[in-house]
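In: here is the input, now give the coordinates:
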Amino acid sequence: MILELFIICVYIYCTYTVKYHFYIVNTFDFRTILTQTYEFALQYIGLDPHSTSIWIEYITFLKGSETGNTFAEEQKVVSLRKVYQKACSRPLMDVETIWRDYVIFEQNTNKTLASKILDEKKGLFLAAKRCSKEYEAVARRLNRYEPSLPPKGSPRELQQKKQWQQYLSWEKSNPMQYDDVLQVTER
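Out: This next block holds a predicted model:
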């Protein structure tokens, strides 16, 4: 419940920052602040399977940034590539849409290099897609919005307890099969 509230607050803040301030001040400093806002949000909620919309908004924001020279354009491509690759390696609910957009981005950027990069990253995407489907199956029956009250032992509570235990067991099983301990604890 607290995580969902945090996600909503971050989403509202990002939306407010983008929708309101973007039309008032479109300066380099503002774009830097907005980039930091998205990075902050994704650092804390970017692993949540329901954070797809924030990833997509951030990618759209980066795509919309204007560049004045070749160096700035290269920086934009590097930033977009980094965000796409990070998003495609997360078990997000609609990771396939982000992957398709990423494939188009790479092919439009450099057709020669695209196949090599996409081949390298496809394994992470497939693992994220598999994990996302597993998450949907495990989390489907969870009631995330029920208040946390002392249990009374009702059949519905026992069923929810069982579902939550299955979900926690699944999370502990390292479904993304990370080798790095930091990635496991981050998840």
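In: buried ones in stretch 64-72, by neighbour count?
Out: Judged by neighbour count using 16 or more other Cβ atoms under 10 Å, the buried positions of stretch 64-72 are S65. C-beta: built from backbone N, CA, C; applies to glycine.
In: quick check: mean pLDDT of it?
Out: Here stretch 64-72 scores 79 as its mean pLDDT.
In: ok, now which ones touch the residue positioned nearest the centre of the chain?
Out: The chain has G46 as the residue nearest its centroid, 3.9 Å off, counting by Cα atoms, centre = their mean. G46 makes contact with 54-55, 86-87, 90 under the criterion Cβ atoms under 8 Å, 6 or more residues apart in numbering.
In: narrow these to those in helices?
Out: Among the contacts of G46, the ones falling in helices (DSSP state H) are 54-55, 86-87.
In: which of those count as buried?
Out: 54-55, 87.
In: longest helix of the protein?
Out: helix 111-139.
In: quick check: next helix or strand after that helix?
Out: Later in the chain than helix 111-139, the nearest helix or strand by DSSP states H and E is helix 155-172.
In: that next one to helix 111-139, inter-axis angle?
Out: 150 degrees (axes from the mean of the first three to the mean of the last three Cα atoms, to 10 degrees).
In: contacts made by helix 155-172 with the rest, please.
Out: Outside helix 155-172, the residues touching it (Cβ under 8 Å, 6+ apart) are 134-135, 138-139, 141-143, 146, 151, 187.
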